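Visitor: predicted structure and sequence below. I'll ask about it afterward.
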Amino acid sequence: MQSARRFAPVAAVSALATLAPLIAVAAPAAPVVSSVSSVSAVSSVQTQRPTWQRCSPDQPAAYQCTTLKVPLDYRAPGGKKIDVAVSRIKAADPRQRRGVLLFNPGGPGGSGLGDPLDWGGRLPQSVLDRYDLIGFDPRGVGKSTPVECGTAPDERMVLRPYRSKTFASDVAWAKRIAEKCRAKYGADLKHFTTRNTARDMDAIRAALGEQKINYIGVSYGTYLGAVYTQLFPRRSDRIILDSAVDPKLVWRGMLQSWAKDSGFAFWRFLEWAAKNNDQYGFGTSPQKIAEDFFRLVRQADRKPVKVGEKFYDGAAIREFMRPMFYRRTMGADMLGLVRDAAAGKPVPDFPAWVPGDNDVSMFNTVACGDTDAWPRDPQRYAGEAAMDSVWFPLYGDHASNITPCAFWDRPAEPVTKVDNRVPSLILQAEWDSQTPLSTAQGMHRALKGSRMVTVDEGETHGVYRYGISSCADTVGTDYLVTGKLPAKDVTCAANPPAAASAKESAENAKGTERGAPVNPNRF
């Protein structure tokens, strides 16, 4: 388990293994927290009477879909409406049914319409018996009035590496993306936010005739769930937040957390690789392995290396390897591939997630529209990125460089301050590359009624039912079935790692344990 941390380019990490007691206590009642939801808007949705149909002829008949109409702007419930696509699979045992279980897979911008099928194949029977599984595409995503700004494939990145000689083109790119979205959607874009998606969730609840919702949110979905508890505390029942965002860091601080925390993961990888030199041949000195890696990066900056049929410079290699270093065997396999490519050997292409226009457009729309904390002066980005490239050489220049948010319109509402005592369960792997342990701890502090389960030495992004820890799975399932939270925070052991070949590791790098492609620059 990671001890107290200092943010530095490379830092040693000590380990301890403690296990808090798993004595269950009844979750305390949720307090009164003022809600800014629109009662009239929710009431209008409640009268819609959803019409369920089979989602697709090639999908199971039990997997049903419908579409709700919700206000674009909940402050004007009688105004323009947008679609929210919803799906469900009913509880397996009507006699044990206790309500609905909603899901969000992350993003921002991830489609959740298929979540009932996905989770239906992973949840234990005790949960499937009790809940209708409810998926939905958040507003702006997939089949829910999608936002597509018209980005070209070569414009679809979240972060760019900082270089003084290319910064002017980075600024032009960021401004161009913001202008494309503004030109197509105008002021409507301000309403595609996490706060309004939380209101849509409550509209789904009302349309289904439920008093409360239960919820599993992964990654960005933890922030969406936390915002829901803040706006609708009395509508929040059993809430699982898996791999959590720090609500105080949305969203630039979360991006910068990737640079700050990657140094610790990198050092952990270096020490492990040095101990396993007989297998991987990187050397016996952690410092020497680090020097060799950055020497390879500088070489690629001078002359990009061929990986598959593409060429990668040093910045692209650093970007690809950052999340890989969190998973040691995978990091070793991928570093070996990079080393062979730099030596001129033919190697397969990096496994990659290819974003679409909707993916990138919605990431920017939510990230820029949730908060007004983004700096507006391009030179501030240049200064911070230059400094962070020294402090955090693996990824600091990417994480602090300019984004389209510098040129986005001001948000319609202030950022949500998450600060309540609604009961919830936070699950977190210690070595998560996308939502680091420190950010989950930030969520835990904000949700004062929460309990946190940390998987010691866990290396995945996503914990519950991902095969990472039987202990964590048990805590999560007990909570969903009984409603009881652990008496204290819990530290769980990770399951023993399964032996995997280099080929299998490369295949795993393409996605999560669920097999879905992962964008290394998204939550």
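Guide: It's in. Everything quoted here is computed from the prediction, not taken from an experiment.
Visitor: just checking, what packs against the helix or strand harbouring His444?
Guide: Assessed by DSSP states H and E, His444 sits inside helix 437-446. Here helix 437-446 touches helix 220-231, helix 252-275, strand 424-429, strand 450-456, going by 3 or more C-beta pairs under 8 Å, 6 or more residues apart in numbering; DSSP states H and E. For every residue, glycine as well, the C-beta is placed using N, CA and C.
Visitor: what's in contact with that helix?
Guide: 2, 5, 222, 226, 241, 243-249, 254, 257, 260-261, 418-419, 426, 428-432, 450, 452, 454, 489 (C-beta atoms under 8 Å, 6 or more residues apart in numbering).
Visitor: any idea how far that helix is from the chain center?
Guide: 14 Å (C-alpha atoms, centre = their mean, to the nearest Å).
Visitor: next, the angle from it to helix 220-231.
Guide: 10 degrees (axes from the mean of the first three to the mean of the last three C-alpha atoms, to 10 degrees).
Visitor: please export the C-alpha coordinates of helix 437-446 as PDB.
Guide: Extracted C-alpha coordinates of helix 437-446, given in PDB (Å, rounded to 0.1, in the frame of the first residue of the first chain):
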ATOM      1  CA  LEU A 437      -5.300   6.400  -5.500                       C
ATOM      2  CA  SER A 438      -4.900  10.000  -4.400                       C
ATOM      3  CA  THR A 439      -8.000  11.100  -6.400                       C
ATOM      4  CA  ALA A 440     -10.100   8.300  -4.900                       C
ATOM      5  CA  GLN A 441      -9.000   9.500  -1.500                       C
ATOM      6  CA  GLY A 442     -10.200  12.900  -2.500                       C
ATOM      7  CA  MET A 443     -13.600  11.600  -3.300                       C
ATOM      8  CA  HIS A 444     -13.700   9.700   0.000                       C
ATOM      9  CA  ARG A 445     -13.000  13.000   1.900                       C
ATOM     10  CA  ALA A 446     -15.800  14.800   0.000                       C
END
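Visitor: now it: buried residues?
Guide: Leu437, Ser438, Thr439, Ala440, Gln441, Gly442, Met443, His444, Ala446 (16 or more other C-beta atoms under 10 Å).
Visitor: want to throw those into CSV with pLDDT?
Guide: As requested, the buried residues of helix 437-446 are arranged in CSV below (pLDDT from 0 to 100):
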residue, pLDDT
Leu437, 98
Ser438, 97
Thr439, 98
Ala440, 98
Gln441, 98
Gly442, 98
Met443, 98
His444, 98
Ala446, 98
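Visitor: all helices of the stretch 401-523 of the chain, in order?
Guide: 437-446, 470-482, 502-508 (DSSP state H, counting those that start in this stretch).
Visitor: nearest to Pro124, of the ones you listed?
Guide: Nearest of the helices of the stretch 401-523 of the chain to Pro124, taken as C-beta to C-beta: helix 470-482 at 5.5 Å.
Visitor: how far is that closest one from where the chain is centred?
Guide: 21 Å.
Visitor: pull out the buried positions in it.
Guide: In helix 470-482, the ones that count as buried by 16+ other C-beta under 10 Å are Cys471, Ala472, Asp473, Val475, Gly476, Thr477, Asp478, Tyr479, Leu480, Val481.
Visitor: may I have the phi/psi pair for Thr460?
Guide: phi -100, psi 160 (degrees, to the nearest 10).
Visitor: related to what we said a few turns ago, TSV please, covering the buried residues of helix 437-446 and showing distance to Arg327.
Guide: Output for these, formatted as TSV (distance: C-beta to C-beta, whole Å):
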residue	distance to Arg327
Leu437	15
Ser438	18
Thr439	18
Ala440	18
Gln441	21
Gly442	23
Met443	22
His444	24
Ala446	28
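Visitor: I'd assumed Asn401 was in contact with Arg160.
Guide: Yes: contact criterion C-beta atoms under 8 Å: Arg160 and Asn401 qualify, at 5.4 Å.
Visitor: next, show the common contact partners of these two.
Guide: Asp170.
Visitor: which one of the two has more residues nearby?
Guide: Asn401 (25 against 20; other C-beta atoms under 10 Å).
Visitor: quick one: the strands in the stretch 101-250 of the chain?
Guide: Secondary structure of the stretch 101-250 of the chain by DSSP state E, counting those that start in this stretch: the strands cover 131-136, 213-218, 236-242.
Visitor: quick one: closest of those strands to Arg97.
Guide: Closest among those, using C-beta to C-beta: strand 131-136, at 7.2 Å.
Visitor: between the closest one and strand 236-242, how many degrees?
Guide: Using the same axes, to 10 degrees: strand 131-136 against strand 236-242 is 60 degrees.
Visitor: contacts for strand 131-136?
Guide: Residues contacting strand 131-136 (C-beta under 8 Å, 6+ apart): 84-91, 97-103, 112-116, 119-120, 123, 144, 200-201, 204, 208, 214, 480.
Visitor: just the buried ones among those residues, please.
Guide: Neighbour counting with 16+ other C-beta under 10 Å marks 84-91, 98-103, 112-116, 119-120, 123, 144, 200-201, 204, 208, 214, 480 as buried within those.
Visitor: out of those, which sit inside helices?
Guide: Under the assignment DSSP state H, those contribute Asp115, Pro116, Trp119, Gly120, Asp200, Met201, Ile204, Leu480 to helices.
Visitor: can you tell me which of these is nearest Val305?
Guide: Of all these, Asp115 has the smallest distance to Val305: 38.7 Å, by C-beta to C-beta.
Visitor: is it true that Thr222 touches Ser424?
Guide: No: if you go by C-beta under 8 Å, Thr222 and Ser424 don't touch, sitting 9.3 Å apart.
Visitor: which residues do the two both contact?
Guide: Shared contacts of Thr222 and Ser424, counting by C-beta under 8 Å, 6+ apart, come down to Leu241.
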